[in-house]
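Participant: how does the following fold in three dimensions:
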Amino acid sequence: MVDEAQSLPDELLEEVRLLANIESSTEKLVPVVLAGQPELADRLNAPGLHNLKQRVALRCSLPPLDLRETAAYIAKRIHLAGGNGAQIFTADAVRLIHERSHGVPRTISVICDNALVNGFALDRRPVDADLVLDVCRDFDFSAPQDCRARPTRQSLGRPTLRRRSERHPLAPPTLTVRPMPASPSHPPSGSPPTASPAHRSARAAANCSRCSGESADSRSSDRTGDPDEPY
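Facilitator: Numbers count the residues shown, from 1 in each chain. The predicted structure follows:
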């Protein structure tokens, strides 16, 4: 495996091609992997290296990270160090890191490391966009062409109010559990239906009146049964 292959001279790249030609009747004996910066593609397109380009069996490239991938990259590295990214970098700082690093992981790491050192030295927590902007100026990490007209350091250093619905880019995902709608209660099959309180009260009143009527009939029958018995 050859790293930083874009920096190799043409003579060494030609020797790499000769090594890749070593093979048996069934397989390649010396698999070669060239890894480098995007400039490696321009080197392979040079007229003197077309033989090496023709022997490339597999080719892949990694595009720059977008804002979500940049936030996930920072959050993962902080998590591995035992921290919480949402408590260390502000949302504006993460956006500025992505803007000035152009999505390159190595540049993201350089900006974050130096911003953390400056924040520790100044006893400022969390790291805001003002500290990130100082680091970018020290290392000459310029903004993209379409972002040159953005606010200056004074406006970036002011605290910004975020809406409640806006989520911090380094915040871990949250799981929202919604309650199930209440299902109508049905009595189980084979069981008698349950009467409402009003029905139960009416039934109890009817039973009381029936009982009082039966007791009055029994007293009247007892009194009229034997005429000689005194009242």
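Participant: how does the chain divide up, domain by domain?
Facilitator: Domains of the chain are assigned by automatic domain parsing as 5-54, 67-157.
Participant: need the distance between the two termini of the first one.
Facilitator: From the first residue to the last, domain 5-54 extends over 17 Å; the measure is C-alpha to C-alpha, to the nearest Å.
Participant: okay, the domains of the chain in a markdown table with mean pLDDT and distance to residue 169 next?
Facilitator: In short, each C-beta sits where N, CA and C put it, glycine included. Listed next are these as a markdown table, based on pLDDT from 0 to 100; distance: least, C-beta to C-beta, whole Å:
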| stretch | mean pLDDT | distance to residue 169 |
| --- | --- | --- |
| domain 5-54 | 90 | 26 |
| domain 67-157 | 87 | 4 |
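Participant: roughly how far does the nearest residue to residue 134 once chain neighbours are set aside sit from residue 102?
Facilitator: Nearest residue to residue 134 in three dimensions, chain neighbours excluded: residue 118, at 6.4 Å (C-beta to C-beta, 6 or more residues apart in numbering). Taking C-beta to C-beta, to the nearest Å as the measure, residue 118 falls 21 Å from residue 102.
Participant: other residues contacting stretch 2-10?
Facilitator: Surrounding stretch 2-10, the residues in contact under the criterion C-beta atoms under 8 Å, 6 or more residues apart in numbering are 13, 16, 32-37, 39-40, 42-43, 46, 48-49.
Participant: in PyMOL, how would I select just the buried ones from those residues?
Facilitator: Filtering the contacts of stretch 2-10 down to the buried ones (16 or more other C-beta atoms under 10 Å) takes a single PyMOL command:
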select buried, resi 13+16+32+34+36+40+43
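Participant: restricted to strands, list the contacts of stretch 2-10.
Facilitator: Assigned to strands by DSSP state E, none of the contacts of stretch 2-10 qualify.
Participant: return the closest of the contacts of stretch 2-10 with respect to residue 125.
Facilitator: residue 37 (34.9 Å; C-beta to C-beta).
Participant: tell me where the chain has strands.
Facilitator: Under DSSP E, the chain gives no strands.
Participant: related to what we said a few turns ago, most packed of the domains of the chain?
Facilitator: Of the domains of the chain, the one with the most neighbours on average (mean count of other C-beta atoms under 10 Å) is domain 67-157, at a mean of 17.
Participant: need the helices for the protein, in chain order.
Facilitator: Taking DSSP state H, the helices of the chain run over residues 10-20, 39-44, 50-54, 67-80, 91-101, 105-122, 129-138, 153-157, 197-225.
Participant: tell me which strands and helices the third one is in contact with?
Facilitator: Helices and strands touching helix 50-54, by 3 or more C-beta pairs under 8 Å, 6 or more residues apart in numbering; DSSP states H and E, are helix 10-20.
Participant: and what of the second one?
Facilitator: Helix 39-44 is packed against no helix or strand, with contacts defined by 3+ C-beta pairs under 8 Å, 6+ apart.
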